[in-house]
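Undergrad: Coordinates for the following, if possible.
(one chain, ligands or ions: 1)
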Amino acid sequence: MTAPAAREPLRRVRRDVAASPFIRDRPLTEIYRSSPLFTALRDPDRLGGRCGACEFRTICGGSRSRAYACSGDVLGEEPWYAYEPGSFPYQKEPAAHV
Ligand code: SF4
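TA: As a prediction, this is how the structure comes out:
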């Protein structure tokens, strides 16, 4: 990936945020609590791809910013993570081993 290409995801995020008029019109706490985007980000059952199938989605969830930057889907899978869901050797109580 060339340097300008590597910066494109960040440009896309800045463009999308700047185009959102509500961030200037509503308190940030209200946006965080009630916006469909932030509501979706707090719900691990709405994650897609590997993250949606992962036994660690409630304690990890992957990088939502990286998913959005690389695919345009903020609820998509974490694209740089190598873990394959279901391959953790202690499946019965994964949280006890983290
Ligand atoms: S980033 Fe990896 S460990 Fe985290 S939820 Fe996604 S697949 Fe699971």
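
Undergrad: what does the chain put close to the ligand?
TA: 50-51, 54, 56-57, 60-62, 78, 81, 83, 85 (Cβ under 6 Å from any ligand atom). Bear in mind the C-beta positions are built from the backbone N, C-alpha and C, glycine included.

Undergrad: Next, the contact list for residue 37, please.
TA: By Cβ atoms under 8 Å, 6 or more residues apart in numbering, the contact set of residue 37 is residue 74.

Undergrad: Please, which helix or strand holds it?
TA: helix 36-41 (DSSP states H and E).

Undergrad: Could you point out the helix or strand that follows that helix?
TA: Next element after helix 36-41 (DSSP H and E): helix 49-53.

Undergrad: List the contacts of that following helix.
TA: 45-46, 57, 60-62, 67, 75-78, 81, 83-86.

Undergrad: So which of the residues you listed are in helices?
TA: residue 67 (DSSP state H).

Undergrad: just the buried members of the contacts of helix 49-53?
TA: 57, 60-62, 67, 75-78 (16 or more other Cβ atoms under 10 Å).

Undergrad: what's the spacing between the closest residue to residue 76 other than its chain neighbours and residue 33?
TA: Nearest residue to residue 76, sequence neighbours excluded (Cβ to Cβ, 6 or more residues apart in numbering): residue 67, at 4.4 Å. Using Cβ to Cβ, to the nearest Å, residue 67 is found at 22 Å from residue 33.

Undergrad: any weak-confidence spans in the protein?
TA: 1-10, 12-13, 16-22, 91-98 (pLDDT under 70).

Undergrad: thinking again about what came up before, nearest to residue 39 among the buried ones among the contacts of helix 49-53?
TA: residue 75 (11.4 Å; Cβ to Cβ).

Undergrad: Please consider this matter closed, and thank you.
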